[in-house]
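Enquirer: The following comprises the amino acid sequence and a computationally predicted model.
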Amino acid sequence: MSADLIDGKAFAAGLRERVGEVAAAFAKAAGRKAGLAVVLVGEDPASQVYVRNKGRQTIACNMESFEYRLPAGAQEAELLELVERLNRDPAVDGILVQLPLPHHMDELKVIAAIDPDKDVDGFNVVNAGRLAVGQPGFVPCTPLGCMMLLKDRLGDLSGLDAVVVGRSNIVGKPMAQLLTAASCTVTVAHSRTRDLPEVVRRADIVVAAVGRPQMVKGDWIKPGATVIDVGINRVPAAGEGKTRLVGDVDFDEAAKVAGAITPVPGGVGPMTIAVLLRNTIVAAHRNEKIALEEGSL
Ligand SMILES: NC(=O)C1=CN([C@@H]2O[C@H](COP(=O)(O)OP(=O)(O)OC[C@H]3O[C@@H](n4cnc5c(N)ncnc54)[C@H](OP(=O)(O)O)[C@@H]3O)[C@@H](O)[C@H]2O)C=CC1
Ligand SMILES: Nc1nc(=O)c2c([nH]1)NC[C@@H]1CN(c3ccc(C(=O)N[C@@H](CCC(=O)O)C(=O)O)cc3)C=[N+]21
(Lines give C-alpha, C1' and ligand atoms only; values in the text may rest on other atoms or scores of the structure.)
(Ligands and ions follow the chains in the order given, each with its own letter.)
Protein backbone atom coordinates (compact mmCIF):
# COMPACT_ATOMS: atom_id res chain seq x y z
CA MET A 1 0.00 0.00 0.00
CA SER A 2 1.41 3.40 -0.94
CA ALA A 3 -1.70 5.57 -0.52
CA ASP A 4 -2.26 7.55 2.66
CA LEU A 5 -5.21 6.31 4.68
CA ILE A 6 -7.95 8.90 5.18
CA ASP A 7 -9.04 8.20 8.73
CA GLY A 8 -12.76 8.99 8.73
CA LYS A 9 -13.20 7.40 12.12
CA ALA A 10 -10.68 9.79 13.73
CA PHE A 11 -12.04 12.81 11.86
CA ALA A 12 -15.57 11.89 12.96
CA ALA A 13 -14.45 11.60 16.58
CA GLY A 14 -12.99 15.12 16.38
CA LEU A 15 -16.18 16.48 14.84
CA ARG A 16 -18.30 14.84 17.56
CA GLU A 17 -16.04 16.41 20.17
CA ARG A 18 -16.67 19.88 18.71
CA VAL A 19 -20.40 19.19 18.39
CA GLY A 20 -20.47 18.10 22.03
CA GLU A 21 -18.89 21.37 23.18
CA VAL A 22 -21.20 23.50 21.08
CA ALA A 23 -24.20 21.45 22.30
CA ALA A 24 -23.24 21.99 25.94
CA ALA A 25 -23.07 25.76 25.38
CA PHE A 26 -26.40 25.59 23.52
CA ALA A 27 -28.09 23.81 26.43
CA LYS A 28 -26.96 26.59 28.79
CA ALA A 29 -28.09 29.38 26.49
CA ALA A 30 -31.43 27.82 25.51
CA GLY A 31 -32.31 26.23 28.86
CA ARG A 32 -32.81 22.88 27.13
CA LYS A 33 -30.74 20.35 25.20
CA ALA A 34 -30.89 20.06 21.42
CA GLY A 35 -33.01 17.04 20.43
CA LEU A 36 -32.81 14.47 17.64
CA ALA A 37 -35.74 12.14 16.91
CA VAL A 38 -35.00 8.92 15.03
CA VAL A 39 -37.86 6.86 13.64
CA LEU A 40 -37.37 3.20 12.75
CA VAL A 41 -40.08 1.21 10.99
CA GLY A 42 -39.70 -2.57 11.09
CA GLU A 43 -37.12 -4.88 12.63
CA ASP A 44 -34.24 -4.92 10.15
CA PRO A 45 -31.26 -5.98 12.34
CA ALA A 46 -28.70 -3.74 10.58
CA SER A 47 -30.97 -0.70 10.96
CA GLN A 48 -31.53 -1.53 14.63
CA VAL A 49 -27.80 -1.57 15.36
CA TYR A 50 -27.37 1.63 13.41
CA VAL A 51 -30.21 3.44 15.22
CA ARG A 52 -28.85 2.32 18.58
CA ASN A 53 -25.40 3.72 17.68
CA LYS A 54 -26.93 7.03 16.69
CA GLY A 55 -28.83 7.27 19.97
CA ARG A 56 -25.67 6.57 21.97
CA GLN A 57 -23.61 9.14 20.07
CA THR A 58 -26.37 11.76 20.34
CA ILE A 59 -26.36 11.45 24.14
CA ALA A 60 -22.54 11.46 24.24
CA CYS A 61 -22.68 14.80 22.38
CA ASN A 62 -24.83 16.42 25.08
CA MET A 63 -28.02 16.20 23.08
CA GLU A 64 -31.36 14.51 23.72
CA SER A 65 -32.20 11.36 21.76
CA PHE A 66 -35.81 10.39 21.06
CA GLU A 67 -36.36 6.97 19.49
CA TYR A 68 -39.60 5.81 17.92
CA ARG A 69 -40.23 2.31 16.65
CA LEU A 70 -43.18 1.25 14.53
CA PRO A 71 -43.89 -2.35 13.53
CA ALA A 72 -43.13 -3.36 9.92
CA GLY A 73 -46.86 -3.67 9.30
CA ALA A 74 -47.71 -0.12 10.48
CA GLN A 75 -49.81 2.02 8.16
CA GLU A 76 -48.24 4.92 6.30
CA ALA A 77 -50.82 7.25 7.89
CA GLU A 78 -49.54 6.29 11.34
CA LEU A 79 -45.98 7.24 10.35
CA LEU A 80 -47.15 10.52 8.80
CA GLU A 81 -49.02 11.33 12.01
CA LEU A 82 -45.89 10.68 14.07
CA VAL A 83 -43.83 12.93 11.77
CA GLU A 84 -46.44 15.70 12.13
CA ARG A 85 -46.30 15.38 15.89
CA LEU A 86 -42.48 15.62 15.85
CA ASN A 87 -42.71 18.66 13.52
CA ARG A 88 -44.77 20.42 16.21
CA ASP A 89 -42.68 19.27 19.19
CA PRO A 90 -40.42 22.15 20.35
CA ALA A 91 -38.02 19.69 22.06
CA VAL A 92 -37.24 18.11 18.68
CA ASP A 93 -34.75 19.99 16.47
CA GLY A 94 -33.97 17.21 14.02
CA ILE A 95 -36.01 14.33 12.60
CA LEU A 96 -34.57 11.29 10.84
CA VAL A 97 -36.77 8.55 9.41
CA GLN A 98 -34.50 5.57 8.83
CA LEU A 99 -34.55 4.33 5.22
CA PRO A 100 -35.43 2.07 3.54
CA LEU A 101 -39.10 1.99 4.58
CA PRO A 102 -41.30 -1.09 4.09
CA HIS A 103 -42.51 -1.39 0.49
CA HIS A 104 -46.09 -0.40 1.25
CA MET A 105 -44.91 3.09 2.26
CA ASP A 106 -44.10 5.94 -0.11
CA GLU A 107 -40.65 7.21 0.94
CA LEU A 108 -40.93 10.48 -0.97
CA LYS A 109 -44.25 11.24 0.69
CA VAL A 110 -42.88 10.54 4.17
CA ILE A 111 -39.75 12.64 3.58
CA ALA A 112 -41.92 15.45 2.18
CA ALA A 113 -43.88 15.47 5.46
CA ILE A 114 -40.79 16.38 7.52
CA ASP A 115 -40.49 20.10 8.32
CA PRO A 116 -37.59 21.24 6.07
CA ASP A 117 -36.06 23.08 9.03
CA LYS A 118 -35.95 19.82 11.04
CA ASP A 119 -34.84 17.70 8.07
CA VAL A 120 -31.30 17.04 9.31
CA ASP A 121 -30.88 14.28 6.68
CA GLY A 122 -31.34 16.93 3.98
CA PHE A 123 -33.56 14.58 1.96
CA ASN A 124 -36.62 16.87 1.69
CA VAL A 125 -37.10 18.49 -1.76
CA VAL A 126 -36.88 21.92 -0.14
CA ASN A 127 -33.37 21.17 1.09
CA ALA A 128 -32.42 19.49 -2.20
CA GLY A 129 -33.56 22.69 -3.93
CA ARG A 130 -31.66 24.90 -1.53
CA LEU A 131 -28.49 22.90 -2.22
CA ALA A 132 -29.09 23.09 -5.97
CA VAL A 133 -29.36 26.90 -5.96
CA GLY A 134 -26.75 27.50 -3.26
CA GLN A 135 -29.01 28.66 -0.42
CA PRO A 136 -28.34 27.67 3.19
CA GLY A 137 -30.21 24.52 4.21
CA PHE A 138 -29.44 20.98 5.32
CA VAL A 139 -27.03 19.00 3.17
CA PRO A 140 -27.24 15.17 3.21
CA CYS A 141 -24.84 13.82 5.84
CA THR A 142 -22.89 11.32 3.75
CA PRO A 143 -21.85 13.68 0.92
CA LEU A 144 -21.16 16.50 3.38
CA GLY A 145 -18.94 14.14 5.36
CA CYS A 146 -17.09 13.21 2.15
CA MET A 147 -16.53 16.91 1.40
CA MET A 148 -15.08 17.48 4.86
CA LEU A 149 -12.60 14.66 4.32
CA LEU A 150 -11.68 15.94 0.84
CA LYS A 151 -11.14 19.53 1.98
CA ASP A 152 -9.12 18.36 4.96
CA ARG A 153 -6.89 16.33 2.66
CA LEU A 154 -6.65 18.58 -0.42
CA GLY A 155 -7.55 22.11 0.74
CA ASP A 156 -8.84 24.08 -2.25
CA LEU A 157 -10.51 21.73 -4.75
CA SER A 158 -10.95 24.22 -7.60
CA GLY A 159 -10.18 22.96 -11.06
CA LEU A 160 -9.80 19.33 -10.02
CA ASP A 161 -11.49 16.61 -12.09
CA ALA A 162 -13.99 14.73 -9.93
CA VAL A 163 -15.90 11.60 -10.92
CA VAL A 164 -18.89 10.51 -8.83
CA VAL A 165 -20.02 6.96 -9.53
CA GLY A 166 -23.71 6.75 -8.59
CA ARG A 167 -26.54 9.28 -8.97
CA SER A 168 -28.89 8.57 -6.07
CA ASN A 169 -30.77 11.42 -4.41
CA ILE A 170 -29.13 10.73 -1.06
CA VAL A 171 -25.47 10.35 -2.10
CA GLY A 172 -24.43 10.71 -5.75
CA LYS A 173 -26.48 13.75 -6.77
CA PRO A 174 -25.82 15.93 -3.72
CA MET A 175 -22.15 14.86 -3.84
CA ALA A 176 -21.91 16.11 -7.42
CA GLN A 177 -23.53 19.39 -6.41
CA LEU A 178 -21.12 19.96 -3.55
CA LEU A 179 -18.13 19.24 -5.79
CA THR A 180 -19.51 21.61 -8.43
CA ALA A 181 -19.94 24.30 -5.78
CA ALA A 182 -16.30 23.71 -4.78
CA SER A 183 -15.34 24.43 -8.44
CA CYS A 184 -14.39 20.90 -9.46
CA THR A 185 -15.08 19.72 -12.99
CA VAL A 186 -17.62 17.02 -12.20
CA THR A 187 -18.63 13.88 -14.08
CA VAL A 188 -21.52 11.80 -12.75
CA ALA A 189 -21.30 8.15 -13.83
CA HIS A 190 -24.01 5.50 -13.39
CA SER A 191 -25.15 2.11 -14.64
CA ARG A 192 -25.54 3.36 -18.23
CA THR A 193 -22.11 5.01 -18.42
CA ARG A 194 -20.00 3.77 -21.34
CA ASP A 195 -16.47 2.63 -20.49
CA LEU A 196 -16.63 3.40 -16.78
CA PRO A 197 -12.95 2.44 -16.17
CA GLU A 198 -11.80 5.06 -18.70
CA VAL A 199 -14.09 7.73 -17.17
CA VAL A 200 -12.78 7.01 -13.66
CA ARG A 201 -9.16 7.15 -14.92
CA ARG A 202 -9.56 10.87 -15.63
CA ALA A 203 -10.39 11.68 -12.02
CA ASP A 204 -8.25 13.49 -9.46
CA ILE A 205 -11.10 12.74 -7.04
CA VAL A 206 -13.15 9.52 -7.22
CA VAL A 207 -16.29 9.13 -5.10
CA ALA A 208 -17.78 5.63 -5.36
CA ALA A 209 -21.43 5.33 -4.22
CA VAL A 210 -22.74 2.34 -6.11
CA GLY A 211 -23.58 -0.50 -3.75
CA ARG A 212 -21.48 -3.10 -5.63
CA PRO A 213 -18.74 -4.76 -3.58
CA GLN A 214 -15.20 -3.90 -4.78
CA MET A 215 -16.38 -2.86 -8.25
CA VAL A 216 -13.84 -0.06 -8.77
CA LYS A 217 -10.52 -1.72 -9.61
CA GLY A 218 -6.96 -0.54 -9.05
CA ASP A 219 -6.23 0.03 -12.74
CA TRP A 220 -9.21 2.43 -12.95
CA ILE A 221 -7.45 4.84 -10.60
CA LYS A 222 -5.20 7.65 -11.84
CA PRO A 223 -1.91 7.49 -9.90
CA GLY A 224 -2.06 9.86 -6.94
CA ALA A 225 -5.84 10.33 -7.06
CA THR A 226 -7.93 10.75 -3.90
CA VAL A 227 -10.46 7.94 -3.50
CA ILE A 228 -13.57 8.23 -1.32
CA ASP A 229 -15.40 4.93 -0.90
CA VAL A 230 -19.01 5.40 0.24
CA GLY A 231 -20.05 1.79 -0.32
CA ILE A 232 -21.12 -0.35 2.64
CA ASN A 233 -21.55 -3.94 1.46
CA ARG A 234 -21.84 -6.94 3.73
CA VAL A 235 -20.25 -9.99 2.09
CA PRO A 236 -19.56 -13.55 3.23
CA ALA A 237 -16.23 -14.00 5.05
CA ALA A 238 -14.12 -17.01 5.96
CA GLY A 239 -15.77 -19.01 8.73
CA GLU A 240 -19.22 -20.47 9.12
CA GLY A 241 -21.96 -17.81 8.82
CA LYS A 242 -19.40 -14.98 9.08
CA THR A 243 -19.66 -11.73 7.14
CA ARG A 244 -17.51 -8.63 6.69
CA LEU A 245 -17.97 -5.12 5.32
CA VAL A 246 -16.37 -4.05 2.06
CA GLY A 247 -16.69 -0.87 0.03
CA ASP A 248 -17.42 -0.24 -3.64
CA VAL A 249 -13.67 0.04 -4.29
CA ASP A 250 -11.21 -2.85 -4.40
CA PHE A 251 -9.22 -1.39 -1.52
CA ASP A 252 -6.05 -3.51 -1.74
CA GLU A 253 -5.59 -2.79 -5.47
CA ALA A 254 -6.61 0.87 -5.34
CA ALA A 255 -4.39 1.62 -2.34
CA LYS A 256 -1.33 0.74 -4.46
CA VAL A 257 -2.14 3.49 -6.98
CA ALA A 258 -4.11 6.20 -5.16
CA GLY A 259 -2.57 9.13 -3.30
CA ALA A 260 -5.09 8.73 -0.50
CA ILE A 261 -8.07 6.47 0.16
CA THR A 262 -10.81 5.94 2.74
CA PRO A 263 -11.13 2.47 4.27
CA VAL A 264 -14.37 0.53 4.83
CA PRO A 265 -15.20 0.31 7.67
CA GLY A 266 -13.71 3.37 9.37
CA GLY A 267 -14.02 5.83 6.49
CA VAL A 268 -17.18 7.55 5.33
CA GLY A 269 -19.59 5.60 7.58
CA PRO A 270 -18.58 7.20 10.89
CA MET A 271 -18.59 10.63 9.20
CA THR A 272 -22.26 10.20 8.27
CA ILE A 273 -23.37 9.94 11.89
CA ALA A 274 -21.06 12.74 13.07
CA VAL A 275 -22.45 15.08 10.39
CA LEU A 276 -26.00 14.14 11.42
CA LEU A 277 -25.18 15.36 14.93
CA ARG A 278 -23.58 18.48 13.46
CA ASN A 279 -26.71 19.20 11.40
CA THR A 280 -28.86 18.71 14.50
CA ILE A 281 -26.97 21.26 16.60
CA VAL A 282 -27.11 23.70 13.66
CA ALA A 283 -30.89 23.13 13.48
CA ALA A 284 -31.23 23.75 17.22
CA HIS A 285 -29.46 27.11 16.97
CA ARG A 286 -31.72 28.15 14.09
CA ASN A 287 -34.86 27.04 15.91
CA GLU A 288 -33.94 29.01 19.04
CA LYS A 289 -32.51 31.92 17.02
CA ILE A 290 -29.20 31.62 18.84
CA ALA A 291 -26.16 32.60 16.78
CA LEU A 292 -23.70 29.82 16.04
CA GLU A 293 -20.14 31.07 15.94
CA GLU A 294 -18.61 30.70 12.49
CA GLY A 295 -15.96 27.98 12.44
CA SER A 296 -16.97 26.41 15.77
CA LEU A 297 -17.81 23.15 14.03
N1 LIG B 1 -21.28 5.30 4.33
C2 LIG B 1 -22.53 5.74 4.49
O3 LIG B 1 -22.80 6.43 5.40
C4 LIG B 1 -23.55 5.39 3.49
C5 LIG B 1 -23.29 4.38 2.60
N6 LIG B 1 -24.18 4.08 1.62
C7 LIG B 1 -23.75 3.03 0.68
O8 LIG B 1 -23.40 3.64 -0.55
C9 LIG B 1 -23.75 2.82 -1.64
C10 LIG B 1 -24.68 3.58 -2.58
O11 LIG B 1 -25.85 3.95 -1.91
P12 LIG B 1 -27.08 4.67 -2.65
O13 LIG B 1 -26.58 5.88 -3.36
O14 LIG B 1 -28.14 4.80 -1.63
O15 LIG B 1 -27.47 3.52 -3.71
P16 LIG B 1 -28.55 3.46 -4.87
O17 LIG B 1 -28.79 2.02 -5.12
O18 LIG B 1 -29.67 4.37 -4.61
O19 LIG B 1 -27.75 4.04 -6.14
C20 LIG B 1 -26.70 3.35 -6.73
C21 LIG B 1 -26.17 4.09 -7.93
O22 LIG B 1 -25.12 3.31 -8.50
C23 LIG B 1 -25.33 3.16 -9.89
N24 LIG B 1 -24.84 1.88 -10.35
C25 LIG B 1 -25.34 0.65 -10.08
N26 LIG B 1 -24.63 -0.30 -10.72
C27 LIG B 1 -23.67 0.33 -11.40
C28 LIG B 1 -22.62 -0.10 -12.26
N29 LIG B 1 -22.43 -1.38 -12.53
N30 LIG B 1 -21.83 0.83 -12.80
C31 LIG B 1 -22.00 2.13 -12.54
N32 LIG B 1 -22.97 2.60 -11.72
C33 LIG B 1 -23.78 1.71 -11.18
C34 LIG B 1 -26.81 3.28 -10.10
O35 LIG B 1 -27.04 3.71 -11.42
P36 LIG B 1 -28.51 3.97 -12.05
O37 LIG B 1 -28.93 5.29 -11.48
O38 LIG B 1 -28.25 4.02 -13.50
O39 LIG B 1 -29.35 2.83 -11.60
C40 LIG B 1 -27.21 4.31 -9.03
O41 LIG B 1 -27.11 5.63 -9.53
C42 LIG B 1 -24.34 1.57 -1.00
O43 LIG B 1 -23.29 0.62 -0.82
C44 LIG B 1 -24.82 2.04 0.35
O45 LIG B 1 -24.86 1.01 1.30
C46 LIG B 1 -25.34 4.77 1.48
C47 LIG B 1 -25.67 5.78 2.35
C48 LIG B 1 -24.82 6.14 3.45
N1 LIG C 1 -32.68 8.40 6.88
C2 LIG C 1 -31.52 7.77 6.71
N3 LIG C 1 -30.37 8.47 6.81
C4 LIG C 1 -29.16 7.85 6.64
O5 LIG C 1 -28.09 8.52 6.72
C6 LIG C 1 -29.13 6.44 6.37
C7 LIG C 1 -30.36 5.76 6.29
N8 LIG C 1 -31.53 6.45 6.45
N9 LIG C 1 -30.38 4.43 6.03
C10 LIG C 1 -29.16 3.65 5.94
C11 LIG C 1 -28.00 4.48 5.43
C12 LIG C 1 -26.65 3.86 5.70
N13 LIG C 1 -26.00 4.75 6.62
C14 LIG C 1 -24.82 4.47 7.32
C15 LIG C 1 -24.33 5.28 8.31
C16 LIG C 1 -23.22 4.95 9.07
C17 LIG C 1 -22.54 3.79 8.82
C18 LIG C 1 -21.37 3.42 9.67
O19 LIG C 1 -21.15 3.98 10.72
N20 LIG C 1 -20.54 2.45 9.25
C21 LIG C 1 -19.38 1.96 9.98
C22 LIG C 1 -19.45 0.46 10.21
C23 LIG C 1 -20.70 0.00 10.88
C24 LIG C 1 -20.75 -1.52 10.98
O25 LIG C 1 -19.75 -2.12 11.42
O26 LIG C 1 -21.78 -2.10 10.59
C27 LIG C 1 -18.12 2.19 9.19
O28 LIG C 1 -18.22 2.32 7.94
O29 LIG C 1 -17.05 2.25 9.77
C30 LIG C 1 -22.98 2.97 7.81
C31 LIG C 1 -24.10 3.32 7.05
C32 LIG C 1 -26.82 5.82 6.86
N33 LIG C 1 -27.97 5.74 6.19
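Expert: Sure, I can see it. Ligands and ions are numbered 1, 2, ... in the order given.
Enquirer: The residue sitting furthest away from the middle of the chain and D106: what is the separation?
Expert: In the chain, the residue that sits farthest from the middle, by C-alpha atoms, centre = their mean, is E240; the gap is 32.0 Å. Distance, E240 to D106, using C-beta to C-beta, to the nearest Å: 40 Å. From N, CA and C alone the C-beta is placed, and that goes for glycine too.
Enquirer: thinking again about what came up before, secondary structure class for the residue farthest from the centre of the chain?
Expert: At E240, secondary structure determined by DSSP: H, G, I helix; E, B strand; the rest coil is coil.
Enquirer: same thing with the one 5 residues further on?
Expert: Per three-state DSSP, the secondary structure class of L245 is strand.
Enquirer: Kindly provide the distance from it to ligand 2.
Expert: 6 Å (C-beta to the nearest ligand atom, to the nearest Å).
Enquirer: need the contact list for L179.
Expert: By C-beta atoms under 8 Å, 6 or more residues apart in numbering, L179 lies in contact with M147, L157, A162, V164, V186, I205, V207.
Enquirer: Ok, E76 next?
Expert: H104, M105, D106, K109, V110.
Enquirer: And P213, by the same measure?
Expert: Per C-beta under 8 Å, 6+ apart, neighbours of P213: G231, N233, V235, V246, G247, D248.
Enquirer: Just the buried ones from those, in PyMOL syntax?
Expert: If you want just the buried ones from the contacts of P213 in PyMOL, going by 16 or more other C-beta atoms under 10 Å, the selection is:
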select buried, resi 231+233+246+247+248
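Enquirer: got a winner among the contacts of L179 for most neighbours?
Expert: V207 (32 neighbours; other C-beta atoms under 10 Å).
Enquirer: Read off the pLDDT value for that one.
Expert: Listed pLDDT for V207 reads 99.
Enquirer: What distance do you get for it to V264?
Expert: The value you get for V207 to V264, if C-beta to C-beta is used, is 13 Å.
Enquirer: secondary structure class for the residue in the chain that ligand 2 sits nearest to?
Expert: Ligand 2 sits closest to G269 of the chain, with a gap of 2.2 Å, by C-beta to the nearest ligand atom. Here G269 is recorded as helix under three-state DSSP.
Enquirer: Show me which residues of the stretch 51-200 of the chain are close to ligand 1?
Expert: The interface of the stretch 51-200 of the chain toward ligand 1, taken as C-beta under 6 Å from any ligand atom, is made up of 142, 165-168, 170-172, 189-193, 196.
Enquirer: Spatially, which two of those are the most separated?
Expert: T142 and R192 (22.7 Å; C-beta to C-beta).
Enquirer: between these two, which one's more packed in?
Expert: The neighbour comparison of T142 against R192 (other C-beta under 10 Å) goes to T142, with 27 against 7.
Enquirer: how about that one, what does it touch?
Expert: I170, V171, M175, A209, V230, V268, M271, T272, V275.
Enquirer: could I get these as a markdown table with distance to R18 and secondary structure?
Expert: Output for the contacts of T142, formatted as a markdown table (distance: C-beta to C-beta, whole Å; DSSP: H, G, I helix; E, B strand; the rest coil):
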| residue | distance to R18 | secondary structure |
| --- | --- | --- |
| I170 | 25 | coil |
| V171 | 24 | coil |
| M175 | 23 | helix |
| A209 | 26 | coil |
| V230 | 23 | coil |
| V268 | 19 | helix |
| M271 | 13 | helix |
| T272 | 16 | helix |
| V275 | 12 | helix |
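Enquirer: can you list the residues you listed in a markdown table and add neighbour count?
Expert: Converted to a markdown table, these look like this (neighbours: other C-beta atoms under 10 Å):
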| residue | neighbour count |
| --- | --- |
| I170 | 19 |
| V171 | 25 |
| M175 | 29 |
| A209 | 25 |
| V230 | 30 |
| V268 | 29 |
| M271 | 28 |
| T272 | 23 |
| V275 | 29 |
